[in-house]
Structure formats: structure tokens, C-alpha cells
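# Sequence first, predicted coordinates after that:
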Amino acid sequence: MIGTTKRGAAAWMMATGLLLGGTLTASAQTSAPASATHAPASAAPVASTASTSDAVDMEALRSAVKADKKAYIASMLKLTSKQEKRFWPLYDAYQAALNLANQERAVTLNGMLSRDEPMTNAYAKQVAAAGLTADETEIRARRRLYARLMRALPAEKAARYLQLENKIRAAQNYDLAATIPLIH
């Protein structure tokens, strides 16, 4: 019974907070215009000094994204004003789709972690299917974004944004996974 334990309740609160907190943060960041020239110092590129490659320190990435994701993205892409006009509407639409996927995950986690009954095979199948549905929502949004970005930006900048977004999502997924107990 995951939801009745103190650990289960704490995991539910943390997981929901990570999902919906990230959702609220992303929503708030889609409303303000951003450009590389308006990026705060905390959103500066976080390249590792250990190598000449453009490796991103994940802890620094987390901090920069938490401070202002849009400004961080702007600082990393260095878009021209013409590119910004094409990019930011695509970014906003993608963030809205991610919010939808996060809400689907939060509903699933809420149901799983607040459950007062033992896990049954039927409910476990339902939880797994709901998780896949949320993943598919995110993948469809990423495919739409890819197609639109490749038309709107030079391929190098489009690929760079997709890579940045993947790193951000990987960090968020890691943080989320660390808070959710396994089904037993």
C-alpha cells in the first residue's frame, strides 16, 4: 500500500511537486519575451571547463533552468531577431504540450501513490498504460516541434535546442524517478 505510508505520502508530494512545479515554472516562463541580450547572469551558458567540448554541467543546467528557463535557452541559442520571431512561438507551443504530458503523469502518480488498497495486477496494468500515454503525448509533441524547428531555424540551432531540451527533460525525469517508490 504505497499511499498509506509516510514514505509514500512524501513521495507523492515530491513527485507531484516536481511535475506540477515544473509545469508551473514552464508556464510562467512562456509568457515573458526572452532574447539573448536580456538573459540574466544566472542563465549564462554552463559549459564545462574540463574539456574543449560544449559539455553541459547538469547541476549548473538545473540551476539555470530553475532561475529562468527561457533566458537560459536564449543564452545558449544566440538567435537573431528574425530567428527569435520564428522560434519563441514554437517553444511556447512545445512547453504547453509538455505541461499536458506532465499533468497526465501527475494524475497517474496521484492515483498510484494515494491508493489505500494493495496494488492489483489490473491496477498495475492501468498505471503502466497511463505512463505510456503520457510518454506518447510528449513524443508526439517533440516530433511536431522537430518538423517545425527544421523549417524555422538553421538545422544546427534547431538541433542544439532539441539537445538542450533533452538534457533538461533528462534532469527533470531523474529528479522525478528518485522520488517515486517502485510498485510492490
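Received it, and whenever you're ready, just let me know what you need. Residues are numbered from 1 along each chain as shown.
# make it CA atoms for all contacts and neighbour counts henceforth
Will do.
# Against which helices or strands is the helix or strand where residue 70 lies packed?
Here residue 70 sits within helix 58-77, counting by DSSP states H and E. Helices and strands touching helix 58-77, by 3 or more C-alpha pairs under 8 Å, 6 or more residues apart in numbering; DSSP states H and E, are helix 6-31, helix 155-177.
# now the angle between helix 155-177 and that helix, please.
Relative orientation of helix 58-77 with respect to helix 155-177: 150 degrees, computed using axes from the mean of the first three to the mean of the last three C-alpha atoms, to 10 degrees.
# about what we covered before: can you tell me which of the helices and strands packed on helix 58-77 has the worst average pLDDT?
Confidence, taken as mean pLDDT, is least for helix 6-31 of the helices and strands packed on helix 58-77 (a mean of 46).
# that older thread, alpha carbons of the helix holding residue 70, as CSV, please.
In CSV, the C-alpha atoms belonging to helix 58-77 read as follows (Å, rounded to 0.1, in the frame of the first residue of the first chain):
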residue,chain,number,x,y,z
MET,A,58,23.9,19.1,-15.3
GLU,A,59,23.8,20.7,-11.8
ALA,A,60,24.5,24.1,-13.4
LEU,A,61,21.9,23.4,-16.0
ARG,A,62,19.3,22.6,-13.3
SER,A,63,20.1,25.9,-11.5
ALA,A,64,19.9,28.0,-14.7
VAL,A,65,16.7,26.4,-15.8
LYS,A,66,15.1,26.8,-12.3
ALA,A,67,16.1,30.5,-12.4
ASP,A,68,14.8,31.2,-15.9
LYS,A,69,14.5,28.5,-18.5
LYS,A,70,13.6,30.9,-21.3
ALA,A,71,16.6,33.1,-20.6
TYR,A,72,18.9,30.1,-20.4
ILE,A,73,17.7,28.8,-23.8
ALA,A,74,18.1,32.2,-25.3
SER,A,75,21.7,32.5,-24.0
MET,A,76,22.5,29.1,-25.4
LEU,A,77,21.0,29.5,-28.8
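# After it, which helix or strand is next?
Under the assignment DSSP H and E, the closest C-terminal helix or strand after helix 58-77 is helix 81-113.
# pLDDT averaged over that following helix - what is it?
Averaging pLDDT residue by residue across helix 81-113 gives 91.
# Okay, buried residues for that helix please.
Taking 16 or more other C-alpha atoms under 10 Å as the neighbour-count basis, helix 81-113 is seen to contain the buried residues 84, 86-88, 90-92, 94-106, 108-110, 112-113.
# Show me what it is packed against.
In terms of contacts (3+ C-alpha pairs under 8 Å, 6+ apart), helix 81-113 is packed against helix 6-31, helix 121-152.
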